[in-house]
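In: Need the 3D shape of this:
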Amino acid sequence: MPVSSKRSASPSSTPRRANRSPALQVLARGGYISSGVLHLLLGWLAIRLAVGSPSGSPDQQGALRQLAAAPGGAVLLWLTAAGFAALALWQLTETLVGVPGAESSKQARERIKAGGKAVLYGALAAMAVGVATGAAGGGSEEGLTADVLHMTAGRWLVGAVGLAVVVGGVVHVVSGWRKSFVDDLQGTGGGAVGQAVVRLGQVGYVAKGVALAVVGGLFVAAAVTADPQKAGGLDDALRTIRDQPFGTVLLVVTGVGIAAYGVYSFARARYARM
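Out: As a prediction, the model looks like this:
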């Protein structure tokens, strides 16, 4: 019987083709635009909270609800969800086949980072769909943390999650300070990266890192004290910043920084390495 000359596709061939798909690359760049819109709204909500006139919960879901209330909000929400979903799929392909341009010695670390981003963007896409369909909701951070704390080794699990988020925040701050995020902008993006984009990235990464570190700190506090009421999301983190000495100023600066990250995300849609 003649042996077929065709080789069966390798397990990684499908994600590799998806990773190289121009259509997916364009859609994934749209995901960075979605991220920009979300962070601009988060920055605005944080500033509103600082000046004492909150107009919604200063977290991702609150920002998406603000977007829904805008003219054409339903369409904008679905476009935002599509952008995040495409970006999640892009990060998933990098998790499976490797990150282009990364050194072989760093591939394992880069794949783990890509996997984490895939989960994050997938969650944001699901949240946007939930707001668009009116199905958004779910348990609060305190309720979910209480459930975990009652599990065997629950305090250790909550503490580990909190520490991981703190580390993520520190990584953001260091990346902004050292401008190491610029490496993500050099590659297949269009044109040279200007200093304005770099400065926006620096401010945005530092501000976002501070907010993440506070969120992680709240979960660590909940684990140490076994008190789920101490846990919280981004809205609780921003209120914690507001309640510190000179908290109003600190929160305004944080809000401006988060908004700067949003503008930087628009630039990343053009310059990001794909």
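In: Low-confidence ranges, the chain, go.
Out: 1-20, 54, 100-102, 136-143, 186-193 (pLDDT under 70).
In: In it, which residue is most central in space?
Out: Centre of the chain computed as the mean C-alpha position; nearest residue by C-alpha atoms, centre = their mean is residue 120, 5.7 Å away.
In: Show me what whichever strand or helix holds that one is packed up against.
Out: Following DSSP states H and E, one finds residue 120 within helix 107-133. Under the contact definition 3 or more C-beta pairs under 8 Å, 6 or more residues apart in numbering; DSSP states H and E, helix 107-133 sits against helix 22-50, helix 60-69, helix 73-97. Glycine gets a C-beta too; all of them are placed from N, C-alpha and C.
In: In CSV: those helices, plus mean neighbour count and distance to residue 252.
Out: As requested, these are exported to CSV (neighbours: other C-beta atoms under 10 Å; distance: least, C-beta to C-beta, whole Å):
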stretch, mean neighbour count, distance to residue 252
helix 22-50, 21, 5
helix 60-69, 21, 17
helix 73-97, 21, 26
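In: Adding distance to residue 217, write the ones you listed out as TSV.
Out: Compiled in TSV, the helices and strands packed on helix 107-133 are given as follows (distance: least, C-beta to C-beta, whole Å):
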stretch	distance to residue 217
helix 22-50	17
helix 60-69	19
helix 73-97	26
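In: Distance from the chain centre to the lengthiest helix in the chain, please.
Out: The residue-count maximum for a helix in the chain (DSSP state H) belongs to helix 195-225. Relative to its chain's centre, helix 195-225 lies at 11 Å (C-alpha atoms, centre = their mean, to the nearest Å).
In: Could you pull out the buried residues of that helix?
Out: 197-198, 200-223 (16 or more other C-beta atoms under 10 Å).
In: ok, then the element right after it?
Out: helix 234-242.
In: re the thing from before, kindly provide the distance from the spatially closest residue to the residue nearest to the centre of the chain that is not a sequence neighbour to residue 31.
Out: Leaving aside its sequence neighbours, residue 120 sits nearest to residue 88 (C-beta to C-beta, 6 or more residues apart in numbering; 7.9 Å). Plainly put, residue 88 is 8 Å away from residue 31 if you go by C-beta to C-beta, to the nearest Å.
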